[in-house]
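> Please find the sequence and the predicted model below.
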Amino acid sequence: MIRVSCTMFLVVVEFLWILRVSRADSQVSCIFMERCILPCSFHGSSEPVVHWFKTEGNLRVHSYYGDQDQLVIQHQRFRSRTSLFKDQVHRGNASLQLTEVNVQDEGRYQCYTSTISGNTEMFIILNVDAPVRKVDLQQVGQRITCSSEGIYPKPEITWSTYPSSSITNNKTTVHQTEQQLYNITSSPILPNSDMDLNYSCVVSTRRNRKSATFRQQGLVTESQSETIIHCSPSHTPVTNLIWRFDHSQIILTKTNSQYTVSEEWKQHVKDVSESGSLTLQDLSSDQEGTYTCELADAVEAKITNILVKINEGNSSNVGAIVGVVIAVIVVLGLLVTLLVLRNNQESHPDSLLITSGRSLGETLLQLQIHWVPPSAH
């Protein structure tokens, strides 16, 4: 009988230990600087006692008894950031609400509850995530730089090209801030011979990943009054669009469906298509350079560099043509005048000699008044 009782006792202890371990495996993922709830439940009762601890350092996070919060001995790290659902505590909900979650909050928490029916414990593993929110790609000289900031845990950067090609001279650095967040930067060198390659940079953590694609488009020569510059094609709706000139000067931005054109470019921006293509007008040599289109959605950013060269010789050609036409008109006018004078002289050789000279001079004077040199246009 004693042996049976001991066996039953060991079975109960083992079951309780398994139950405790299974509860200890409960995990919660919290977003950096956002609100998070750590779940805890017990059999509801009157006058419950609730204590929350952070097991590393045995820090008192929150206490509740006597039907009110007891925060006199609460650790200062959690001041003004914790609360319970007071209207539900008597019904068995001891879940903790933690605001402005930071990296230091990560770890193992214990929820201890006590009622007239007994005591219970729950353990929760709190994981903090600062997901990848944005990936930036910039070109400076022959080096392309991929970067992302404010990430936790430590992220990774991977590069790929299309068509497939090796990445050389890549330099990656990771820096941790005072808030224990990570900033990461990677910058390979662009080879001169691979102008048509698409470079894709992916920044990833355990929670999410985001990518950016860089494409260097060939030379676009402006030879008409209007020029259309195309972005990389996007298979998803464009939510954010930025056009830049020479990598820094903003031409226009689009957020959702609202376009904003900078003052410096209002006279040159004629239209923007749904796909992000930019129509420019009245360009001069001052607008010759690199145009950058950045298309972004919730997952990916696509960046395209387009080199635009302004051909201003077109207007001078027009002026030359106009000058030639005017010269032809002058010559034809002189020939007609001479023919008229010749006919009149044959019929009245003496009386029309002076008049003919005067008519010829007036005709030449009128032609000179109406003729304007091409360079004046």
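It's in. Residues are numbered from 1 along each chain as shown.

> and the closest residue to residue 277 other than its chain neighbours, what does it touch?
Nearest non-adjacent residue to residue 277, counting by Cβ to Cβ, 6 or more residues apart in numbering: residue 230, 4.7 Å away. The C-beta positions use only the backbone N, C-alpha and C, and glycine is treated the same way. By Cβ atoms under 8 Å, 6 or more residues apart in numbering, the contact list for residue 230 reads 217, 275, 277, 293, 304, 306.

> now swap in residue 270 and tell me
Residue 270 neighbours (Cβ under 8 Å, 6+ apart): 226, 279-281.

> any idea which residue sits dead centre in this protein?
With distances taken as Cα atoms, centre = their mean, the residue of the chain nearest its centroid is residue 296 (5.3 Å).

> returning to what we had before: for the contacts of residue 230, which one is nearest residue 74?
residue 293 (52.3 Å; Cβ to Cβ).

> sec struct for the spatially closest residue to that closest one that is not a sequence neighbour, please.
Of all residues not flanking residue 293 in the chain, residue 231 sits nearest, at 4.0 Å (Cβ to Cβ, 6+ apart). What DSSP: H, G, I helix; E, B strand; the rest coil gives for residue 231 is coil.

> Assess the claim that residue 231 and residue 292 are in contact.
No - look at residue 231 against residue 292 with Cβ atoms under 8 Å: they stay out of range, at 9.8 Å.

> Overlap of the contact sets of the two?
residue 304.

> Flag the least confident of the contacts of residue 270.
Lowest pLDDT among the contacts of residue 270: residue 226, with 84.

> Now the closest residue to residue 79 other than its chain neighbours, what are its backbone angles?
Distances taken as Cβ to Cβ, 6+ apart place residue 71 nearest to residue 79, at 7.9 Å, with adjacent residues excluded. Dihedral angles of residue 71 (phi, psi; degrees, to the nearest 10) stand at phi -110, psi 20.

> ok, residue 71 - contacts?
62-63, 79.

> neighbour-wise, which of the residues you listed leads?
residue 62 (25 neighbours; other Cβ atoms under 10 Å).

> tell me which element it is part of?
For residue 62, the element it lies in under DSSP states H and E is strand 59-65.

> quick one: strands adjacent to that strand?
Take DSSP bridges as the rule and strand 59-65 pairs in its sheet with strand 49-54 (antiparallel), strand 68-69 (antiparallel).

> Check which residues of it are buried.
59-64 (16 or more other Cβ atoms under 10 Å).

> for stretch 148-157, same thing?
Using 16+ other Cβ under 10 Å as the test for burial, stretch 148-157 gives 148-153, 155, 157.

> Can you classify the residue lying closest to residue 227 once chain neighbours are set aside as helix, strand or coil?
Nearest non-adjacent residue to residue 227, counting by Cβ to Cβ, 6+ apart: residue 280, 4.9 Å away. Secondary structure, three-state DSSP: residue 280 is strand.

> Would you check that the residue nearest to the centre of the chain makes contact with residue 239?
Yes - shown here, residue 296 and residue 239 form a contact pair, counting by Cβ under 8 Å, at 6.9 Å.

> Check which residues of stretch 251-270 are buried.
Neighbour-count burial for stretch 251-270 [16+ other Cβ under 10 Å]: 251-254, 261, 265, 268-269.

> re the thing from before, out of the contacts of residue 270, which are buried?
Looks like these have residue 280 buried, using 16+ other Cβ under 10 Å.

> I'd like the contacts of residue 270 written out as CSV, with distance to residue 132 added.
Converted to CSV, the contacts of residue 270 look like this (distance: Cβ to Cβ, whole Å):
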residue, distance to residue 132
226, 39
279, 34
280, 34
281, 39
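
> Looking at the contacts of residue 270, spot the one nearest residue 181.
For the contacts of residue 270, the nearest to residue 181 is residue 280 (39.9 Å; Cβ to Cβ).

> Return the residues in contact with that closest one.
226-229, 268-270, 287.

> Determine which two of the residues you listed are furthest apart.
Within the contacts of residue 280, 228 and 287 form the most distant pair, 14.2 Å apart (Cβ to Cβ).

> Pick out whichever of these two has more residues nearby.
Neighbour count, other Cβ under 10 Å: between residue 228 and residue 287, residue 287 has more, with 18 against 13.

> The more buried one reaches residue 268, doesn't it?
Yes - the criterion here is Cβ under 8 Å, and residue 287 meets it with residue 268 at 6.5 Å.
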